[in-house]
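A.B. asks: What would the 3D arrangement of this be:
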Amino acid sequence: MARVRASAARQKRSVGFSLSLAIVDTDDAAWKRAADIVEQVRANREPAGLPTSGHTPPNDGSRRLLETATGLRRDKCLWTGVAQLTEAAGNSTGLVGTPEQVADALLDYHARGVENFLILGFKPLDDAERYGRELIPLVRERVAALKARANAAAA
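C.D. replies: Okay, here's the model as predicted:
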């Protein structure tokens, strides 16, 4: 991100960063659901003759993602199970964990400079309702606390 910002600055431009992630679930059974999703993706791809390993994606972003997707879990919440099966195509990474864990992960990305998030789910309506009830208020609360601390430090 620093290299992209520096390159843009040389052109007297500025850039912003967005991150698109699926959120598998936000409860204690989240990692079990993530494993079930991997098996469902595998079960859908194999009969269709689609590869689930040995991928050579045509774009750099997908290649870099596959290089880092060793194991299904990249950090405390980042899940790469679908990326490994699908050539890292599209929105194939996600966050898995409790609402608190996922909120912390989103704030970590925000602290690194991500300004916008596109949050997807595997069950769109149910997931949107749950995120609106459990996750989004928690993220807003934590962002407000960060801003309050920053304002107090600046005063």
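A.B. asks: Let me see the contact set for residue 97.
C.D. replies: Taking Cβ atoms under 8 Å, 6 or more residues apart in numbering as the criterion, residue 97 is in contact with 26, 30-31, 76-77, 105. Every C-beta, even on glycine, is put in place using the N, C-alpha and C of the backbone.
A.B. asks: Which ChimeraX command selects the buried ones in those?
C.D. replies: Buried members of the contacts of residue 97 can be picked out in ChimeraX with the line below, counting by 16 or more other Cβ atoms under 10 Å:
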select :26,30,31,77,105
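A.B. asks: Using CSV, list the CA coordinates for the lowest-mean-pLDDT helix or strand in the chain.
C.D. replies: Ranked by mean pLDDT, DSSP states H and E, the weakest helix or strand in the chain is helix 60-68, scoring a mean of 73. C-alpha atoms of helix 60-68 as CSV (Å, rounded to 0.1, in the frame of the first residue of the first chain):
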residue,chain,number,x,y,z
ASP,A,60,-0.7,-11.5,-10.4
GLY,A,61,-3.1,-10.8,-7.5
SER,A,62,-4.5,-14.4,-7.6
ARG,A,63,-1.0,-15.8,-7.9
ARG,A,64,0.2,-13.9,-4.9
LEU,A,65,-2.9,-14.9,-2.9
LEU,A,66,-2.3,-18.6,-3.7
GLU,A,67,1.4,-18.2,-2.6
THR,A,68,0.3,-17.0,0.8
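A.B. asks: Mind giving me the packing neighbours of the helix or strand just after it?
C.D. replies: Note on helix 60-68: by DSSP states H and E, the next helix or strand toward the C-terminus is strand 78-79. The contact analysis (3 or more Cβ pairs under 8 Å, 6 or more residues apart in numbering; DSSP states H and E) places strand 78-79 against strand 94-96.
A.B. asks: Residues contacting the helix or strand just after the strand it packs on, please?
C.D. replies: Using DSSP H and E, the helix or strand that directly follows strand 94-96 along the chain is helix 99-111. Residues outside helix 99-111 that contact it (Cβ under 8 Å, 6+ apart) are 19, 23, 26, 75-78, 95-97, 117, 134-135, 138-139, 142-143, 146.
A.B. asks: try it again with 7 Å
C.D. replies: Helix 99-111 is contacted from outside by 19, 23, 26, 76-77, 95, 117, 134-135, 138-139, 142, using Cβ atoms under 7 Å, 6 or more residues apart in numbering.
A.B. asks: Can you list the buried residues in that helix?
C.D. replies: If you call a residue buried by 16+ other Cβ under 10 Å, then helix 99-111 has these buried ones: 99, 102-107, 109-110.
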